[in-house]
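Undergrad: Sequence below, structure please.
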Amino acid sequence: MLQKGGAMGANATGNRGNGNRERVNHMLTTGEACKILYVHCNTLRRWTERGLISAYRIGPRGDRRYKREDVDALLTEQVRVGSNGTQK
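TA: Take a look at the predicted model:
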């Protein structure tokens, strides 16, 4: 949170810094999400483009970040449906 004059203020937890940055730190990078899902990063990007999971773009490069709960929900769906698309 920025205060007048551009000085960094303390957030509710007493840490100095930007509250948005803290939320981003709790999100998973593409690589981290891929390790949890056991898929290649291109597969996760394709799933994002198809709307199977939401990605959040951050920074000037537009890096993707994923919410842990979204990754867990997709993983649960993969287990339920199975890798060949048939329902278990």
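Undergrad: so residue 39 sits in a strand?
TA: No - counting by DSSP: H, G, I helix; E, B strand; the rest coil, residue 39 is not found in a strand; it is coil.
Undergrad: Can you report how many residues lie near residue 43?
TA: 12 (other Cβ atoms under 10 Å). All C-beta atoms are positioned from the backbone trio N, CA, C, and that covers glycine.
Undergrad: what's the distance between it and residue 52?
TA: 10 Å (Cβ to Cβ, to the nearest Å).
Undergrad: Show me what counts as buried in the helix ranked longest in the chain.
TA: Criterion DSSP state H: the longest helix present in the chain is helix 68-81. Under the neighbour-count criterion of 16 or more other Cβ atoms under 10 Å, helix 68-81 has 70-71, 74 buried.
Undergrad: other SSEs contacting it?
TA: Packing partners of helix 68-81 (3 or more Cβ pairs under 8 Å, 6 or more residues apart in numbering; DSSP states H and E): helix 30-37.
Undergrad: Give the buried residues for the helix it packs on.
TA: 30, 33-34, 36-37.
Undergrad: Just give me the closest of these to residue 62.
TA: Relative to residue 62, the closest of the buried residues of helix 30-37 is residue 30; by Cβ to Cβ it sits at 11.6 Å.
Undergrad: Per-residue confidence, that closest one, what does it come out as?
TA: On the pLDDT scale, residue 30 is placed at 97.
Undergrad: is it true that it touches residue 71?
TA: No - judged on Cβ atoms under 8 Å, residue 30 makes no contact with residue 71 at a distance of 10.7 Å.
Undergrad: circling back: confidence-wise, which of the buried residues of helix 68-81 comes last?
TA: residue 74 (92).
Undergrad: Next, the nearest residue to it once chain neighbours are set aside: secondary structure please.
TA: Using Cβ to Cβ, 6 or more residues apart in numbering and skipping the chain neighbours, the partner closest in space to residue 74 is residue 53 (5.0 Å). Under three-state DSSP, residue 53 falls in the coil class.
Undergrad: if you skip the residues just before and after it, what's nearest to residue 27?
TA: Nearest to residue 27 is residue 65, by Cβ to Cβ, 6+ apart, at 3.9 Å.
Undergrad: no wait, residue 31
TA: Residue 31 sits nearest to residue 41 (Cβ to Cβ, 6+ apart), 6.7 Å away.
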